[in-house]
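*Asks:* Quick one: sequence plus predicted model below, questions after.
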Amino acid sequence: MESLELDPKYSTVKMAGKCIKCLAEEEFGVCVQQLLDGGDNEQLRKRFELIRIFLTSDILSTARDKAEEYLSEGKVVKVIIRLEEGEPKYEIKVEED
């Protein structure tokens, strides 16, 4: 099963962070560029579709809010997104910083 791991970071005075939406949008842009450059293969198409569905889904804001909550508590967060039966799913792995 194709999955994508995103590592959001909380913004501080010393470091600019990125939420999972921004990270997913960056990955989407990378996929589009690779497809335009002729890198058309099954794995790339699946990754593109996964990100596209995630970015347009209702769970994006829920996953982002939950990840931001953990990040605001100083925890290290990894968000894993995947498709199950065509529906986007996410899992949040949390570590103490």
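*Replies:* Done, it's in.
*Asks:* Where does pLDDT dip in the chain?
*Replies:* 1, 12-13, 97 (pLDDT under 70).
*Asks:* Could I get the full set of strands for it?
*Replies:* Here the chain has its strands, by DSSP state E, at 3-6, 75-84, 87-96.
*Asks:* which residues of the chain fall in helices?
*Replies:* For the chain, applying DSSP state H gives helices covering 20-36, 42-55, 59-72.
*Asks:* Pipe those helices into JSON lines and attach mean neighbour count per row.
*Replies:* C-beta here means a position set from N, CA and C on the backbone, and glycine is covered the same way. Listed next are the helices of the chain as JSON lines, based on neighbours: other Cβ atoms under 10 Å:
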{"stretch": "helix 20-36", "mean neighbour count": "16"}
{"stretch": "helix 42-55", "mean neighbour count": "16"}
{"stretch": "helix 59-72", "mean neighbour count": "16"}
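*Asks:* Which of the ones you listed sits closest to residue 82?
*Replies:* Evaluated over the helices of the chain, closeness to residue 82 peaks at helix 42-55, with 6.9 Å, by Cβ to Cβ.
*Asks:* Show me what that closest one is packed against.
*Replies:* Here helix 42-55 touches strand 3-6, helix 20-36, strand 75-84, strand 87-96, going by 3 or more Cβ pairs under 8 Å, 6 or more residues apart in numbering; DSSP states H and E.
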